[in-house]
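J.: here is a sequence with its predicted model. Questions after.
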Amino acid sequence: MKVLVAVKRVVDYNVKVRVKADNSGVDLANVKMSMNPFCEIAVEEAVRLKEKGLASEVIAVSVGPTAAQEQLRTALALGADRAILVECGEDLSSLAIAKALKAVVDKEQPQLVILGKQAIDSDNNQTGQMLAALTGYAQGTFASKVELAGDTANVTREIDGGLQTVALKLPAIVTTDLRLNEPRYATLPNIMKAKKKPLEVLTPADLGVSTASTYSTVKVEAPAARNAGVKVASVAELVDKLKNEAKVI
Ligand code: AMP
């Protein structure tokens with residue numbers, strides 16, 4: 001069984017992002033970029049399925065700039081067998097990404113596609129759902145457990161106030177939540193081995209898809225700066241301020 005894993009290159013979660021002076025977007029100059037954390041969980045899950053003998057091949061795919069090869073090499077170091085980069089500009093809409101991924105699904109015919117539940121840069125939380133709609137595959141989003149049994153994937157989903165288990169008929173799409181697994185670190189020997197694993201570079205034109213966006217970004221603004229706090233001398237003063245200044249009690 002082939003497993004396809006979608007991997008996005010994003011600003012590293014430790015970076016304090018800055019908005020560009022012209023408000024056109026986030027400043028990416030000299031910023032550390034990494035694999036989206038939810039995609040790391042997706043890679044880990046696929047590699048575990050391979051280690052259990054349930055998956056025969058794990059293919060990592062990214063849609064993005066040439067530099068996204070770095071994140072694909074990381075996926076290869078974590079245990080993916082080969083990688084595909086659909087090379088195009090940085091700022092694509094989720095629908096354009098889902099269409100490119102759909103073309104890769106058509107080409108590779110995986111039984112399972114694992115994506116992160118959301119990318120931490122744009123927080124869209126929609127690529128997996130769009131891919132499911134485009135392919136017509138069953139979807140199990142926000143997965144905290146995935147169990148394969150024959151031609152079914154039993155997926156436990158994290159929903160408001162509890163857990164829901166759905167049985168998906170393969171081929172299916174799963175998106176990962178935080179508690180699905182704890183991703184491993186890539187070891188140095190595996191990082192070296194990953195350099196020799198196959199990485200195919202395709203263009204959207206090779207796949208016959210258009211990545212034209214259906215929207216444009218009007219403005220990006222940083223959140224308003226927080227006002228400095230004040231120290232109060234007593235509980236009575238605190239209560240007075242909450243009542244008369246903040247007017248919250
Ligand atoms: P989003 O819908 O943008 O929050 O992203 C959810 C998930 O879709 C990510 O965790 C990835 O698995 C996948 N994804 C989003 N953008 C890309 C991309 N450019 N290339 C590959 N996978 C992506």
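T.: That came in fine, so what should we check first?

J.: give me the distance from stretch 161-171 to the chain's centre.
T.: In terms of Cα atoms, centre = their mean, to the nearest Å, the centre of stretch 161-171 is found 20 Å from the chain centre.

J.: go through it and flag the buried ones.
T.: Of all the residues in stretch 161-171, those buried under the rule 16 or more other Cβ atoms under 10 Å are 168, 171. Bear in mind the C-beta positions are built from the backbone N, C-alpha and C, glycine included.

J.: before we move on, what about stretch 148-164?
T.: 148, 153, 155-158.

J.: quick check: closest non-adjacent residue to whichever residue of the chain sits closest to the ligand.
T.: Residue nearest to the ligand within the chain: Gly116 (2.3 Å; Cβ to the nearest ligand atom). Excluding the flanking residues, the one nearest Gly116 by Cβ to Cβ, 6 or more residues apart in numbering is Phe38, at 2.7 Å.

J.: so what's the one you found up against?
T.: Neighbour list for Phe38: 115-120, 175-178 [criterion: Cβ atoms under 8 Å, 6 or more residues apart in numbering].

J.: make a PyMOL selection of the buried ones in these.
T.: Only the buried members of these end up in this PyMOL selection, burial being decided by 16+ other Cβ under 10 Å:
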select buried, resi 115+116+117+118+119+120+175+176+177
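
J.: could you dump the contacts of Phe38 to JSON lines with pLDDT and secondary structure?
T.: Shown next, in JSON lines, are these (pLDDT from 0 to 100; DSSP: H, G, I helix; E, B strand; the rest coil):
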{"residue": "Leu115", "pLDDT": "98", "secondary structure": "strand"}
{"residue": "Gly116", "pLDDT": "98", "secondary structure": "strand"}
{"residue": "Lys117", "pLDDT": "98", "secondary structure": "coil"}
{"residue": "Gln118", "pLDDT": "97", "secondary structure": "coil"}
{"residue": "Ala119", "pLDDT": "97", "secondary structure": "coil"}
{"residue": "Ile120", "pLDDT": "96", "secondary structure": "coil"}
{"residue": "Thr175", "pLDDT": "98", "secondary structure": "strand"}
{"residue": "Thr176", "pLDDT": "98", "secondary structure": "strand"}
{"residue": "Asp177", "pLDDT": "97", "secondary structure": "coil"}
{"residue": "Leu178", "pLDDT": "96", "secondary structure": "helix"}
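
J.: so the residue of the chain closest to the ligand makes contact with Ala6?
T.: Yes. Counting by Cβ atoms under 8 Å, Ala6 is a contact partner of Gly116 at 7.5 Å.

J.: what sits in contact with each of the two?
T.: 39, 42, 128.

J.: hmm, the first one is touching Ile120, no?
T.: No. With contacts defined as Cβ under 8 Å, Cys39 does not count as touching Ile120, sitting 9.7 Å away.

J.: can you map out the helices along this structure?
T.: Ranges of helices in the chain, per DSSP state H, are 37-51, 69-78, 94-108, 127-135, 188-194, 204-207, 235-244.

J.: does the ligand sit close to the third one?
T.: Yes. Using Cβ under 6 Å from any ligand atom, helix 94-108 reaches the ligand at 94, 97.

J.: give the contact list for Pro183.
T.: With Cβ under 8 Å, 6+ apart, Pro183 has these contacts: 40-41, 43-44, 78.

J.: quick check: the farthest pair among those?
T.: Ile41 and Leu78 (10.8 Å; Cβ to Cβ).
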